[in-house]
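Enquirer: Sequence and computational prediction follow.
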Amino acid sequence: MSVYTQLTSVTEMPMSVIHRPLPSELDEEKVLSLMETIKSGVEIPPIDVNWVKGRDENNNYYFSFGGCHRYEATKRLNMKTIRARIIKSTPNDIKVYLGSSCPDFK
């Protein structure tokens, strides 16, 4: 089963809980253009956020690996939330991206 068959609805997600562990290569013109689009009120596509529940059920981990230009534009506009599609994931899914740098998911 593909991880994308487990998509939940799009939600406004707090920027403060999203981990972006990989450095982004940004096209400055694209970021500035997206900032103008967002300021004009046009809705941009949501970013995908991988959600892993920790061993302690009160611990949730949110990772975003794509959508770097949308994330950066939202961040620069000092917005508290970003439209996100939450993808229920496993620690092994995250390990694909992070290898041995994968957190313990307490």
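Expert: Perfect, thanks for sending it. Numbers count the residues shown, from 1 in each chain.

Enquirer: give me the element Val31 is part of.
Expert: helix 28-39 (DSSP states H and E).

Enquirer: Rounded mean pLDDT for that helix, please.
Expert: Per-residue pLDDT over helix 28-39 has a mean of 98.

Enquirer: got it, and stretch 56-74?
Expert: Mean per-residue pLDDT for stretch 56-74: 95.

Enquirer: Off-centre distance for it?
Expert: 3 Å (C-alpha atoms, centre = their mean, to the nearest Å).

Enquirer: Contacts only, for the nearest residue in space to Lys53 that is not next to it in sequence.
Expert: Nearest residue to Lys53, sequence neighbours excluded (C-beta to C-beta, 6 or more residues apart in numbering): Asn60, at 6.0 Å. C-betas here are computed from N, CA, C, even on glycine. Asn60 is in contact with 17, 51-54, counting by C-beta atoms under 8 Å, 6 or more residues apart in numbering.

Enquirer: What subset of the residues you listed is buried?
Expert: For the contacts of Asn60, a burial check counting by 16 or more other C-beta atoms under 10 Å picks out 51-52.

Enquirer: tell me the residue furthest from the middle of the protein?
Expert: Ser40 (22.4 Å; C-alpha atoms, centre = their mean).

Enquirer: quick one: that residue from Leu77, how far?
Expert: Ser40 sits 12 Å away from Leu77, going by C-beta to C-beta, to the nearest Å.

Enquirer: With that, I have no additional questions.
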